[in-house]
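**Q** Starting from these lines, generate the structure:
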Amino acid sequence: MFSYCTDPTTLEGLSWLSCYLTTGKHMGFYWSFVTVLTLLAITAPLSLTFGFGGAMAARSKIAPLSWIGKGYIAIVRGVPDIAFFLFFVIALDQGLEVLRHYALCPDWPDAIRQGNDFIVCQDAKLPQGNAPQWVHEIYGFSLAVFTFAIVFGAFAANVLYGAMRAVPKAQLETAEAYGMTRRQTFWRIVVPQMWVYALPGLGNLWMVLIKATPLLFLLGVEDVVYWARELGATKTPRFTDYPHGDWRMYYFLALLVFYLAFTRVSEIVLDRLMLRLTKGQATSGGEAQRRAAT
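**A** This next block holds a predicted model:
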């Protein structure tokens with residue numbers, strides 16, 4: 001990046017370090033932090049959407065819909081995250097290719113499954129082999145986001161389902177006495193009040209989601225852990241212009257600081273959100289605020 005970085009062998013001290021930290025691979029390392037933050041920014045609301053839908057289905061009076069909601073919560077929560085990530089991404093990727101195969105190559109004479117091989121026509125490949133690199137990266141990232149949303153959506157559904165049941169029944173009966181329909185009671189009474197009961201669980205889930213971002217590496221996305229391990233490993237003059245010893249400890253220490261700082265900021269935001277939600281509510285938090293005000 002700097003003009004004096006032309007010949008790294010002539011550099012020493014801070015000049016060497018400044019050139020080393022601005023190489024193309026380090027730019028990929030810095031960009032991976034943006035990737036992690038983008039994943040969280042997209043996955044959190046998407047997971048909440050899946051969770052809200054799962055919770056609504058689980059409390060439905062329609063038996064098949066209730067079975068689907070409760071089954072989704074139980075199955076996804078009961079499978080180890082790593083196993084689900086490895087299985088679901090492969091299954092989803094191959095499922096999309098199978099659908100495209102039948103749609104684009106109806107005259108394909110061979111079987112798709114040939115022993116241990118999975119073979120579809122070239123047009124059905126996702127993404128196409130001649131597609132730009134950014135298409136491959138966006139496709140992999142999209143699969144990762146959807147997988148994260150499915151997994152953490154099940155946990156969010158369990159939290160929201162419990163929060164909906166925690167709303168005092170007396171309020172629901174009062175709404176019914178005033179002539180509100182079940183739909184009106186749900187949207188005007190249950191939903192506005194359930195968040196105060198759900199936020200502690202959702203806050204814990206957010207922290208778990210932050211800690212789970214290194215699983216991106218299992219999904220083929222070059223995340224912060226991948227780059228820290230890649231850049232921190234021993235480099236010899238034969239393979240790089242900036243040789244160094246095993247510096248993984250320093251790179252992982254930087255990740256430790258990043259995750260601790262991010263979780264601390266998250267705690268502050270969640271605490272302020274809880275104060276806002278409990279204001280005026282008939283809960284222990286709301287009662288504490290009322291007494292403090294008097």
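**Q** all helices for this structure, in order.
**A** With DSSP state H as the criterion, the chain has helices at 13-20, 24-58, 63-78, 81-104, 133-166, 169-177, 182-185, 191-212, 224-232, 248-278, 284-293.
**Q** quick one: the fifth one to helix 81-104, angle?
**A** Spelled out, that is helix 133-166. If you take axes from the mean of the first three to the mean of the last three C-alpha atoms, to 10 degrees, helix 133-166 sits at 120 degrees to helix 81-104.
**Q** Helix 133-166 - contacts with which helices or strands?
**A** Counting contacts by 3 or more C-beta pairs under 8 Å, 6 or more residues apart in numbering; DSSP states H and E, helix 133-166 packs against helix 24-58, helix 63-78, helix 81-104, helix 191-212. Quick note: C-beta positions are derived from backbone N, CA and C, even for glycine.
**Q** ok now do the residue lying closest to R229 once chain neighbours are set aside, which residues does it touch?
**A** Spatial nearest neighbour of R229, excluding adjacent residues (C-beta to C-beta, 6 or more residues apart in numbering): R248 at 6.3 Å. Counting by C-beta atoms under 8 Å, 6 or more residues apart in numbering, R248 touches 228-229, 232-233.
**Q** Buried members of those into PyMOL, please.
**A** Only the buried entries of the contacts of R248 go into this PyMOL selection, using 16 or more other C-beta atoms under 10 Å:
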select buried, resi 228+232
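**Q** Compare the helices of the chain and give me the one nearest D117.
**A** In terms of C-beta to C-beta, the element of those nearest to D117 is helix 81-104, at 11.6 Å.
**Q** What confidence value was assigned to the nearest residue to P8 once chain neighbours are set aside?
**A** Distance criterion C-beta to C-beta, 6+ apart; nearest residue to P8, sequence neighbours excluded, is D241 at 4.4 Å. As predicted, D241 sits at a pLDDT of 79.
**Q** G280 now?
**A** Looking at G280, the pLDDT reads 63.
**Q** Can you get me a residue count around S15?
**A** 14 (other C-beta atoms under 10 Å).
**Q** same thing with G115?
**A** 7.
**Q** same check, this time on V265
**A** Counted with other C-beta under 10 Å, V265 comes out at 10.
**Q** Roughly how far does it sit from Y259?
**A** 11 Å (C-beta to C-beta, to the nearest Å).
**Q** swap in L199?
**A** Counting by C-beta to C-beta - L199 and Y259 are separated by 22 Å.
**Q** Could you do T181 as well?
**A** When T181 is compared with Y259 (using C-beta to C-beta), they lie 46 Å apart.
**Q** These two: who's more crowded?
**A** More crowded of T181 and Y259, by other C-beta under 10 Å: Y259, with 16 against 10.
**Q** Show the pLDDT at K70.
**A** 91.
**Q** before we move on, what about D107?
**A** 82.
**Q** for the one 10 residues further on, same thing?
**A** Turning to D117, the model gives it a pLDDT of 76.
**Q** since we're on it, how many residues are nearby?
**A** 8.
**Q** Please name the bridge partners of it.
**A** Beta-bridge pairing for D117 (DSSP bridges): Q114.
**Q** Tell me how far it lies from M194.
**A** Applying C-beta to C-beta, the value for D117 to M194 is 49 Å.
**Q** can you check R272 too?
**A** 19 Å.
**Q** repeat for G53
**A** Look at G53 and M194: by C-beta to C-beta, they are 15 Å apart.
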